[in-house]
Every structure is written in structure tokens, then in C-alpha cells.
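In: Sequence plus predicted model, see below.
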Amino acid sequence: MVSVVSLTISGLALVVSITALLLALRRGNLRMTRPVLVGFLYDLPEGGPKVFFRSMLYATGKRGHIVESLFLKVRRGESSRTFNFWMYGETKALLIGSGLRVGEDGVASNHHFLPPKDESTFSFFPGDYVIDVYARIVKRSATVRLSTVKLTLTESHAAVLRDHKRGILFTWEPEAQIYYAAVAPGAAGGPAPHFVR
């Protein structure tokens, strides 16, 4: 009787140990929270278009992931443009995205994206935009779509963007489940701390 109880307890302990080990080795999936702030800006001094957002990347497993690169596909109507030059960090301390370890605790930061310089010029025209955020993860052949954001740029906000020193910020309103657009005065290298609706 004692040996059966001992064997049962030992077996359960072994199952728990194996389960804990498997969970510790599990990478899980890479995820991204909804961006609370998205910006259409111009990168000074060159004046090229920039898409900015603030969000958190996190892993659903203990081991996490190494993100090799992030990029955006920005669509308006039938036109589409890839923004593949990625920088992240705080506004005055941006790093060129060349690898980022993301664990289950997550990494929250600003992300800035520029299109390739050798492509034709891109302008923020009025209309409905769909922005897909993709990640390339080390040791995975396929890219992973992390998020899709839908925004509307009005005629008046598109007119504001003709001044490359200004930008438009879209702020997520969780109760209404929509983004509200606002004009961001000042330098366009990053989001201005004050803006008006």
C-alpha cells in the first residue's frame, strides 16, 4: 500500500517537473498591444515621411523571441507602400532596429518607420489608411503580422501635413474603440508633447 502511494506521488512529481520544464522551454508567440498613439510625420531634416507608434511587444512563452526587424505596410485605397527602416526607443534616444529580445514581460517603446530612400516619393493624402505591422523573427522563415490599424486622414489634416514641421497624431479612445486625430505642432522628429484637437 505504501509503495503504491509512494509511486503515485513520485509519478505526479515527475509529471509536474516535466510540465514545468516544457513550459520553461516554450517560446510561445510574439504579440503586440494596440498602439495607443500613431503619428503621421516627416523626418527632418530630409523631410521624408515617417509613421510613428507607441506599443508593447511581448511573448506568450517563457523563452521569448529575438525580433530581427519590424516593418509596416501602409495602404490607402489601391496604393501600398512598405516602411522598412525601423528605429525604436525614446524620442531623443532612438536606436536603429537591428534585433530586439522580447520576453513575456514585454518591451514598451516608440517605433519609427521610414520608407526606402530609393523609392518614389510618398505623401500623406486624405483617405482611409490600413497599417499592417509585421515582424521578422530569428529562426523563422515567414514574417508574422502583429497588428492592423485603421485610420482616416481628413482633407484638413492632410493640408496640415504639407508643412513638414508638423504632424498628425491619432490617439486610441478605448471606450469609443476609435482613433481620434489631432494636429501636433512643432518639430516632426517625434510626437510633440502638446497638441490640440
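Out: Arrived safely, thanks for sending.

In: can you pull the contacts of Gly77?
Out: 127-128 (C-beta atoms under 8 Å, 6 or more residues apart in numbering). Bear in mind the C-beta positions are built from the backbone N, C-alpha and C, glycine included.

In: likewise Phe85?
Out: 113-116.

In: Is it possible to mark the buried ones in the residues you listed?
Out: 113-115 (16 or more other C-beta atoms under 10 Å).

In: From these, pick the one nearest Arg75.
Out: Pro115 (13.1 Å; C-beta to C-beta).

In: Return the subset of the buried ones among the contacts of Phe85 lying in strands.
Out: 113-114 (DSSP state E).

In: Tabulate the buried ones among the contacts of Phe85 (TSV), appending distance to Ala184 and pLDDT.
Out: Listed next are the buried ones among the contacts of Phe85 as TSV, based on distance: C-beta to C-beta, whole Å; pLDDT from 0 to 100:
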residue	distance to Ala184	pLDDT
Phe113	17	94
Leu114	18	92
Pro115	20	91
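
In: Redo the buried ones among the contacts of Phe85 as JSON lines? Include distance to Leu100.
Out: Output for the buried ones among the contacts of Phe85, formatted as JSON lines (distance: C-beta to C-beta, whole Å):
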{"residue": "Phe113", "distance to Leu100": "14"}
{"residue": "Leu114", "distance to Leu100": "17"}
{"residue": "Pro115", "distance to Leu100": "21"}
